[in-house]
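Asks: Any chance you could fold what I've pasted below:
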Amino acid sequence: MAGAIASRMSFSSLKRKQPKTFTVRIATMDAEMEFSCEVKWKGKDLFDLVCRTLGLRETWFFGLQYTIKDTVAWLKMDKKVLDHDVPTEEPKTFHFLAKFYPENAEEELVQEITQHLFFLQVKKQILDEKIFCPPEASVLLASYAVQAKHCDLGSVSHPSQVINLYQMTPEMWEERITAWYAEHRGRARDEAEMEYLKIAQDLEMYGVNYFAIRNKKGTELLLGVDALGLHIYDPDNRLTPKISFPWNEIRNISYSDKEFTIKPLDKKIDVFKFNSSKLRVNKLILQLCIGNHDLFMRRRKADSLEVQQMKAQAREEKARKQMERQCLAREKQMREEAERTRDELERRLMQLKEEATMANEALMRSEETADLLAEKAQITEEEAKLLAQKAAEAEQEMQRIKATAIRTEEEKRLMEQKVLEAEMLALKMAEESERRSEGTTSQLLLLCFPPSSSYPSELSSLSFPLQSMNSSTTALPSDLPSFNLISESLSFDFKDTDMKRLSMEIEKEKVEYMEKSKHLQEQLNELKTEIEALKLKERETALDILHNENSSRGNSKHNTIKKVS
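Replies: Residues are numbered from 1 along each chain as shown. Coordinates of the predicted model:
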């Protein structure tokens with residue numbers, strides 16, 4: 001009893017320890033999500049959760065892909081998630097990808113999210129060179145990719161095969177992309193993505209899943225499965241199929257182990273059989289064939305109510321977005337116009353400010369110039385007054401100089417006349433002095449050596465020179481010492497004392513005369529110096545020049561006469 005209870009307790013505790021959930025990571029083309037799933041969930045439960053999270057209603061194009069032993073597999077909707085050959089570690093990773101491709105993307109892809117996921121997946125396949133894209137299509141697709149990325153030029157790239165095929169740098173490719181991109185400006189993201197898909201769906205390898213197979217003869221071939229049917233390719237040519245089986249011409253598809261059988265609808269056509277490398281590959285081929293055939297037949301029927309509702313909603317949403325885009329475009333245009341107007345006004349304001357600044361600077365320069373001109377005018381006026389005053393003074397000075405010159409001429413003439421008179425006077429005085437000296441000497445001789453005649457006759461002879469001296473004395477100027485030799489004052493006692501006294505008087509008179517002559521000569525020289533400063537050289541005559549030369553040599557009239565005689 002106790003053992004049974006213990007076994008039940010251990011079983012219940014083990015049951016409690018078993019986890020009821022597991023973690024799943026879902027990777028889309030532009031995001032990753034994690035979910036906590038119950039262990040009993042089937043593939044459809046997880047798939048529906050992902051679709052609800054994304055807001056996706058066109059679920060028939062997509063699936064959850066995983067990789068096992070280097071082989072791609074898709075999660076089955078009716079099978080538990082944990083029953084698939086998925087890795088045991090958590091979180092379990094699945095890729096949410098497009099499993100089936102539409103024949104016409106514009107007509108079949110209704111929702112914007114569906115278009116966006118297809119756009120991202122096809123673009124990645126082109127960039128990874130899983131879909132061959134010619135250069136001209138690559139440039140056009142890249143221009144729409146730029147538009148879809150809202151002018152994000154830095155994220156645009158080309159397939160390496162396209163870049164290596166031409167001698168063109170990435171900058172040259174971007175230049176061509178930009179030229180095409182300029183024509184798409186203004187398109188919305190969903191429009192650009194749809195245009196991208198419309199071009200991409202015409203590529204030969206678009207939407208084709210390739211599998212390596214062998215025919216009965218062992219020849220290696222490629223089997224392509226797409227939305228239109230089954231195609232057999234040469235391994236070296238994935239673009240052009242050798243044989244095609246449209247879905248509407250296939251009666252049955254089946255596989256047995258590694259052998260795959262295609263039965264055409266036309267019984268005249270032989271059954272096509274081939275072998276794949278793995279059984280798992282045949283299962284995958286069959287899944288893709290069933291799904292693509294169902295969609296092929298579905299497209300050729302009337303849309304279901306759900307699809308009709310989605311298309312109606314899509315049209316309404318598209319019309320609403322179109323109106324929003326138009327409003328946005330109008331607002332953008334108005335904003336651009338307002339910005340242009342603002343820029344123009346700002347530019348005009350800056351221009352007006354610059355003009356105002358220049359005008360102020362010009363005004364300041366004008367004011368400074370006016371002040372300078374006024375100051376200059378004042379200075380000029382003062383200078384004019386000063387010049388006028390100087391002119392007047394110069395005129396007065398000229399008149400004074402003229403008057404002075406006239407007076408100087410007159411004074412010069414007077415001075416020259418005075419000098420001439422003084423020279424004549426000096427000459428006359430010298431002659432008189434000589435005569436006087438001779439007379440005195442003769443009288444002394446008579447006194448010392450009297451003749452045999454009587455004294456009266458001596459007196460008479462003595463009185464003669466005295467009278468002549470008196471007469472010559474009266475001819476001297478008033479400022480010279482007069483020699484008033486009055487006969488009554490003379491004594492004729494002829495004593496020695498009288499002779500000595502007379503001799504002393506005569507000698508004294510001679511000394512005084514010489515001093516007077518010397519003083520007169522000094523006055524003459526001083527006067528000559530004074531008038532020399534007033535002399536006008538240009539008015540000198542030849543005689544004046546000769547006179548000056550004689551004076552400078554020290555020649556006088558008497559010296560010249562003595563030298564000549």
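
Asks: domains of this structure?
Replies: 22-100, 420-564 (automatic domain parsing).

Asks: rank the ones you listed by mean pLDDT and give me the bottom one.
Replies: Here the domains of the chain differ in mean pLDDT, and the lowest is domain 420-564 at a mean of 59.

Asks: Count the residues that sit near residue 401.
Replies: 12 (other CB atoms under 10 Å). Every residue, glycine included, has its C-beta placed from N, CA and C.

Asks: next one: the one 4 residues further on
Replies: As a burial measure, residue 405 scores 15 neighbours (other CB under 10 Å).

Asks: And the strands in the stretch 101-250 of the chain?
Replies: 209-214, 220-225, 229-233, 243-246, 250-256 (DSSP state E, counting those that start in this stretch).

Asks: how about those in JSON lines, adding mean neighbour count?
Replies: Shown next, in JSON lines, are the strands of the stretch 101-250 of the chain (neighbours: other CB atoms under 10 Å):
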{"stretch": "strand 209-214", "mean neighbour count": "16"}
{"stretch": "strand 220-225", "mean neighbour count": "19"}
{"stretch": "strand 229-233", "mean neighbour count": "21"}
{"stretch": "strand 243-246", "mean neighbour count": "15"}
{"stretch": "strand 250-256", "mean neighbour count": "14"}
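
Asks: got CSV for these, with mean pLDDT and distance to residue 73 too?
Replies: Output for the strands of the stretch 101-250 of the chain, formatted as CSV (pLDDT from 0 to 100; distance: least, CB to CB, whole Å):
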stretch, mean pLDDT, distance to residue 73
strand 209-214, 92, 13
strand 220-225, 93, 15
strand 229-233, 93, 20
strand 243-246, 92, 24
strand 250-256, 89, 16
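
Asks: Reformat these as TSV; add distance to residue 56.
Replies: Listed next are the strands of the stretch 101-250 of the chain as TSV, based on distance: least, CB to CB, whole Å:
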stretch	distance to residue 56
strand 209-214	21
strand 220-225	23
strand 229-233	27
strand 243-246	29
strand 250-256	29
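
Asks: closest one to residue 267 among the ones you listed?
Replies: The closest of those to residue 267 is strand 250-256. By CB to CB, the value is 8.5 Å.

Asks: So which elements touch the helix or strand just after the closest one?
Replies: Where DSSP states H and E defines the elements, the next helix or strand beyond strand 250-256 is strand 259-264. In terms of contact count using 3 or more CB pairs under 8 Å, 6 or more residues apart in numbering; DSSP states H and E, strand 259-264 is assigned the packing partners strand 250-256, strand 272-276, helix 279-299.

Asks: what about 7 Å?
Replies: Counting contacts by 3 or more CB pairs under 7 Å, 6 or more residues apart in numbering; DSSP states H and E, strand 259-264 packs against strand 250-256, strand 272-276.

Asks: so who does residue 275 touch?
Replies: Contact analysis of residue 275 by CB atoms under 7 Å, 6 or more residues apart in numbering lists 213-214, 258-259.

Asks: switch the cut-off to 6 Å
Replies: By CB atoms under 6 Å, 6 or more residues apart in numbering, the contact list for residue 275 reads 214, 258-259.

Asks: And residue 294, by the same measure?
Replies: With contact set as CB under 6 Å, 6+ apart, residue 294 has no partners.

Asks: Same question for residue 242.
Replies: By CB under 6 Å, 6+ apart, the contact list for residue 242 reads residue 232.

Asks: hmm, 8 Å instead?
Replies: Residue 242 makes contact with 221, 232-234, according to CB atoms under 8 Å, 6 or more residues apart in numbering.

Asks: same deal with residue 98?
Replies: By CB under 8 Å, 6+ apart, the contact set of residue 98 is 61-62, 117-118, 121.

Asks: what about 6 Å?
Replies: The contact partners of residue 98, by CB under 6 Å, 6+ apart, come to 61-62, 118, 121.

Asks: Likewise for residue 95?
Replies: 27, 65.

Asks: who does it bridge with?
Replies: Note on residue 95: beta-bridge partners by DSSP bridges are residue 27, residue 65.

Asks: Look up how far residue 372 lies from it.
Replies: From residue 95 over to residue 372 the distance is 87 Å, taken as CB to CB, to the nearest Å.

Asks: The stretch 51-200 of the chain: helices as residue ranges?
Replies: Using DSSP state H, counting those that start in this stretch, the helices of the stretch 51-200 of the chain run over 105-108, 112-127, 135-148, 160-165, 170-181, 189-200.

Asks: So which residues make contact with the second one?
Replies: When contacts are taken as CB under 6 Å, 6+ apart, the neighbours of helix 112-127 outside the stretch itself are 29-30, 55-56, 58, 98, 109, 131, 133, 159, 190, 193-194, 196-197, 200.

Asks: Can you say which of those are buried?
Replies: By neighbour count, with 16 or more other CB atoms under 10 Å, the contacts of helix 112-127 hold 29, 56, 58, 98, 109, 131, 133, 159, 190, 193-194, 196-197, 200 as buried.

Asks: still on that earlier bit, neighbour count and distance to residue 514 for the contacts of residue 98 - can I get that in CSV?
Replies: Converted to CSV, these look like this (neighbours: other CB atoms under 10 Å; distance: CB to CB, whole Å):
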residue, neighbour count, distance to residue 514
61, 19, 161
62, 23, 160
118, 28, 154
121, 18, 153
